[in-house]
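Colleague: coords please:
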Amino acid sequence: MDEIFSVRGRRALVTGGSRGIGAAICELFARHGARLAVFHFNDDANAAKLEKKMSVAGYKLHSFNCDVADESAVSTAVAEVRSLLGGMDIVVNCAGIGGDKPFSEISVSDWDRMLNVHLRGTFLVTHAFFSDMVDQRWGRVINIASQLAYKGAPGLAHYCAAKAGIVGFTRALSYEGAPHNVMVNAIAPGPVETDLLMGLSDDWRAMKQAQLPIGRFGRVEEIAPTALLLASEAGAFYCGQTLSPNGGDVML
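Modeller: All right, here's what the predicted structure looks like:
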């Protein structure tokens with residue numbers, strides 16, 4: 001193991017960690033020595049499957065059912081995490097939802113739920129641990145945005161707005177964290193083969209794949225290493241950045 005990419009002994013929380021990109025990040029972090037907790041929302045079967053997979057490989061994973069948009073639920077889950085791990089060194093805000101609709105068909109409840117899960121959830125979970133990171137003078141916050149925060153997309157006005165908000169939040173908070181060695185960064189993946197992508201319409205996915213210079217969707221294993229970079233000492237000079245493994249969909 002290359003020690004510069006080690007997160008050995010670090011306590012890491014991954015929201016939305018029971019499947020998709022979050023699960024891939026958990027597995028990679030575990031192989032590099034992290035102590036892991038996961039928040040998922042009503043996804044007990046996948047959480048149990050991941051726990052078993054990790055256990056067989058010799059790793060321990062603590063999972064908690066938590067709607068990250070619910071302040072009370074986050075407070076309860078955070079207390080449970082603290083009782084087991086004592087605090088947190090790395091927070092990966094990966095919880096998210098999808099669904100494409102023409103703007104005229106997006107209801108207020110659709111809009112609110114999208115922003116609440118992505119943006120409010122990122123705020124609530126980060127807020128719960130940020131002061132601890134500042135006090136211990138070490139921390140990593142990694143927010144999962146999207147290349148669509150920059151590019152936009154038809155049928156996803158609410159999703160793109162939420163992800164753009166995460167990019168802005170990341171930049172602003174990095175100014176407050178960096179003087180205390182708390183580095184706040186984001187990842188803006190391109191379209192990746194996950195349940196969220198498969199939940200979009202066939203027409204939307206065909207349109208998106210045709211736009212990609214690489215000619216295919218990404219795999220979760222191609223996104224997780226970026227999170228490891230930002231969580232480890234190899235990423236110590238990244239501050240307020242949004243890295244975008246996206247198959248060329250956006251070239252910044």
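Colleague: where along the stretch 51-200 of the chain do the strands fall?
Modeller: 61-65, 90-93, 139-144, 182-187 (DSSP state E, counting those that start in this stretch).
Colleague: how close does residue 167 get to residue 231?
Modeller: 19 Å (CB to CB, to the nearest Å). C-betas here are computed from N, CA, C, even on glycine.
Colleague: which of the two has more neighbours?
Modeller: residue 231 (28 against 18; other CB atoms under 10 Å).
Colleague: ok, now which ones touch the more buried one?
Modeller: Residue 231 sits next to 7, 10, 12, 29, 34, 90, 92, 140, 142 when contact means CB atoms under 8 Å, 6 or more residues apart in numbering.
Colleague: now the residue nearest to the spatial centre of the chain: how far from residue 192?
Modeller: Centroid-nearest residue in the chain, with CA atoms, centre = their mean: residue 94, separated by 2.1 Å. According to CB to CB, residue 94 and residue 192 sit 12 Å apart.
Colleague: Identify the contacts common to the two.
Modeller: 20-21.
Colleague: The residue nearest to the centre of the chain is in contact with residue 141, isn't it?
Modeller: No. Counting by CB atoms under 8 Å, residue 94 does not reach residue 141; the two are 11.9 Å apart.
Colleague: Could I get the full set of helices for the chain?
Modeller: 20-31, 44-56, 71-85, 108-115, 121-136, 148-151, 157-177, 195-198, 202-211, 224-231 (DSSP state H).
Colleague: Can you tell me which of those is most buried?
Modeller: Of all these, helix 20-31 carries the top mean neighbour count, a mean of 24, counting by mean count of other CB atoms under 10 Å.
Colleague: Just name whatever secondary elements it is in contact with.
Modeller: Other helices and strands packing on helix 20-31, by 3 or more CB pairs under 8 Å, 6 or more residues apart in numbering; DSSP states H and E, are strand 11-15, strand 35-40, helix 44-56, strand 90-93, helix 224-231.
Colleague: how far off helix 44-56 does that helix point, in degrees?
Modeller: Here helix 20-31 runs at an angle of 20 degrees relative to helix 44-56 (axes from the mean of the first three to the mean of the last three CA atoms, to 10 degrees).
Colleague: Helix 20-31 vs strand 61-65, what angle?
Modeller: Counting by the same axes, to 10 degrees, helix 20-31 lies at 150 degrees to strand 61-65.
Colleague: Can you show me the CA trace of helix 20-31 as PDB?
Modeller: Provided in PDB are the C-alpha atoms of helix 20-31 (Å, rounded to 0.1, in the frame of the first residue of the first chain):
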ATOM      1  CA  GLY A  20     -23.400   3.000  -6.100                       C
ATOM      2  CA  ILE A  21     -20.600   5.500  -5.800                       C
ATOM      3  CA  GLY A  22     -20.900   5.600  -2.000                       C
ATOM      4  CA  ALA A  23     -20.400   1.800  -1.600                       C
ATOM      5  CA  ALA A  24     -17.400   1.900  -3.900                       C
ATOM      6  CA  ILE A  25     -15.900   4.700  -1.800                       C
ATOM      7  CA  CYS A  26     -16.500   2.600   1.400                       C
ATOM      8  CA  GLU A  27     -14.800  -0.400   0.000                       C
ATOM      9  CA  LEU A  28     -11.700   1.600  -1.200                       C
ATOM     10  CA  PHE A  29     -11.400   3.500   2.000                       C
ATOM     11  CA  ALA A  30     -11.600   0.200   4.000                       C
ATOM     12  CA  ARG A  31      -8.800  -1.300   1.900                       C
END
